[in-house]
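*Asks:* Build the 3D model from these lines:
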Amino acid sequence: MDFNTRLKEEIEFADLRYKELAEKSGVAERALYNYVATKNPSMPPADVAVKIANALETTVEYLVLGKNKEKQTQAIDLQKIHKYAHLIEKIDNLSQQQQKLVQTIVIEMENWK
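*Replies:* Below is the predicted model:
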(Lines give C-alpha, C1' and ligand atoms only; values in the text may rest on other atoms or scores of the structure.)
Protein backbone atom coordinates (compact mmCIF):
# COMPACT_ATOMS: atom_id res chain seq x y z
CA MET A 1 0.00 0.00 0.00
CA ASP A 2 1.32 3.47 -0.81
CA PHE A 3 0.72 7.05 0.30
CA ASN A 4 -2.26 7.75 -1.92
CA THR A 5 -4.04 4.55 -0.87
CA ARG A 6 -3.46 5.16 2.84
CA LEU A 7 -4.55 8.79 2.48
CA LYS A 8 -7.73 7.80 0.69
CA GLU A 9 -8.50 5.20 3.37
CA GLU A 10 -7.90 7.69 6.17
CA ILE A 11 -10.18 10.25 4.53
CA GLU A 12 -12.90 7.61 4.22
CA PHE A 13 -12.32 6.41 7.79
CA ALA A 14 -12.63 9.98 9.08
CA ASP A 15 -15.85 10.22 7.08
CA LEU A 16 -14.73 13.53 5.57
CA ARG A 17 -15.36 15.04 2.18
CA TYR A 18 -12.35 16.49 0.40
CA LYS A 19 -13.77 19.98 0.91
CA GLU A 20 -14.03 19.37 4.67
CA LEU A 21 -10.48 18.03 4.84
CA ALA A 22 -9.27 21.04 2.84
CA GLU A 23 -10.89 23.39 5.35
CA LYS A 24 -9.62 21.42 8.33
CA SER A 25 -6.06 21.09 7.03
CA GLY A 26 -5.58 24.31 5.11
CA VAL A 27 -4.58 22.30 2.03
CA ALA A 28 -6.32 23.10 -1.24
CA GLU A 29 -9.06 20.66 -2.21
CA ARG A 30 -7.57 20.28 -5.69
CA ALA A 31 -4.21 19.34 -4.15
CA LEU A 32 -5.90 16.67 -2.02
CA TYR A 33 -7.42 15.14 -5.15
CA ASN A 34 -3.95 15.08 -6.73
CA TYR A 35 -2.57 13.17 -3.76
CA VAL A 36 -5.18 10.41 -4.00
CA ALA A 37 -5.50 10.25 -7.80
CA THR A 38 -5.30 6.70 -9.11
CA LYS A 39 -3.18 7.67 -12.13
CA ASN A 40 0.13 9.32 -11.28
CA PRO A 41 -0.69 10.54 -7.78
CA SER A 42 1.71 13.12 -6.43
CA MET A 43 3.38 13.14 -3.03
CA PRO A 44 2.89 16.33 -0.99
CA PRO A 45 5.79 18.30 0.45
CA ALA A 46 6.58 17.46 4.08
CA ASP A 47 4.84 20.54 5.52
CA VAL A 48 1.65 19.73 3.61
CA ALA A 49 1.79 16.06 4.67
CA VAL A 50 2.01 17.23 8.30
CA LYS A 51 -1.11 19.40 7.87
CA ILE A 52 -3.02 16.52 6.31
CA ALA A 53 -1.90 14.02 8.96
CA ASN A 54 -2.86 16.40 11.77
CA ALA A 55 -6.29 17.04 10.26
CA LEU A 56 -6.85 13.27 9.95
CA GLU A 57 -5.49 12.66 13.46
CA THR A 58 -2.83 10.28 12.21
CA THR A 59 0.91 10.54 11.60
CA VAL A 60 2.96 11.44 8.56
CA GLU A 61 4.95 8.28 9.18
CA TYR A 62 1.80 6.24 8.74
CA LEU A 63 0.69 8.04 5.58
CA VAL A 64 4.13 7.75 3.98
CA LEU A 65 5.45 4.45 5.34
CA GLY A 66 2.44 2.69 6.80
CA LYS A 67 3.94 2.69 10.33
CA ASN A 68 2.66 4.10 13.62
CA LYS A 69 -0.86 4.95 12.53
CA GLU A 70 -2.02 6.38 15.84
CA LYS A 71 -0.72 9.66 17.15
CA GLN A 72 1.27 9.07 20.31
CA THR A 73 -0.91 11.52 22.22
CA GLN A 74 -4.17 10.04 21.00
CA ALA A 75 -5.73 8.16 23.90
CA ILE A 76 -8.94 6.87 22.32
CA ASP A 77 -9.09 4.65 19.26
CA LEU A 78 -11.09 6.45 16.56
CA GLN A 79 -12.68 3.19 15.46
CA LYS A 80 -14.17 2.86 18.93
CA ILE A 81 -15.51 6.40 18.75
CA HIS A 82 -17.22 5.63 15.44
CA LYS A 83 -18.50 2.33 16.81
CA TYR A 84 -20.15 3.96 19.83
CA ALA A 85 -21.09 7.35 18.35
CA HIS A 86 -24.80 6.51 18.35
CA LEU A 87 -24.66 5.67 22.07
CA ILE A 88 -22.78 8.86 22.85
CA GLU A 89 -25.48 10.88 21.11
CA LYS A 90 -28.21 9.13 23.09
CA ILE A 91 -26.38 9.63 26.38
CA ASP A 92 -25.82 13.28 25.52
CA ASN A 93 -29.60 13.72 25.19
CA LEU A 94 -30.23 12.44 28.73
CA SER A 95 -30.58 14.67 31.77
CA GLN A 96 -27.49 15.24 33.92
CA GLN A 97 -28.90 12.92 36.55
CA GLN A 98 -29.45 10.17 33.96
CA GLN A 99 -25.95 10.71 32.55
CA LYS A 100 -24.47 10.27 36.04
CA LEU A 101 -26.45 7.06 36.42
CA VAL A 102 -25.12 5.73 33.10
CA GLN A 103 -21.59 6.67 34.18
CA THR A 104 -22.05 4.86 37.50
CA ILE A 105 -23.39 1.77 35.74
CA VAL A 106 -20.45 1.70 33.32
CA ILE A 107 -17.92 2.13 36.12
CA GLU A 108 -19.55 -0.65 38.16
CA MET A 109 -19.59 -2.95 35.15
CA GLU A 110 -15.93 -2.22 34.54
CA ASN A 111 -15.20 -3.30 38.13
CA TRP A 112 -16.82 -6.69 37.46
CA LYS A 113 -13.85 -7.72 35.31
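*Asks:* When you work out contacts or count neighbours from here on, use the C-alpha atoms and nothing else.
*Replies:* Fine.
*Asks:* Please enumerate residues in contact with the strand or helix carrying residue 109?
*Replies:* Per DSSP states H and E: residue 109 is located in helix 96-111. Contact with helix 96-111 is made by 91, 92, as judged by Cα atoms under 8 Å, 6 or more residues apart in numbering.
*Asks:* what does stretch 15-23 give?
*Replies:* Contacts of stretch 15-23 (Cα under 8 Å, 6+ apart): 11, 27, 28, 29, 32, 33, 52, 55, 56.
*Asks:* could you redo the last one with a cut-off of 10 Å?
*Replies:* 8-12, 14, 24-33, 51-52, 55-56, 82 (Cα atoms under 10 Å, 6 or more residues apart in numbering).
*Asks:* mind listing what's buried in the lowest-mean-pLDDT helix or strand in the chain?
*Replies:* For the chain, using mean pLDDT, DSSP states H and E, the weakest element among its helices and strands is helix 78-92, scoring a mean of 82. Using 16 or more other Cα atoms under 10 Å as the burial criterion, the residues of helix 78-92 that qualify are residue 91.
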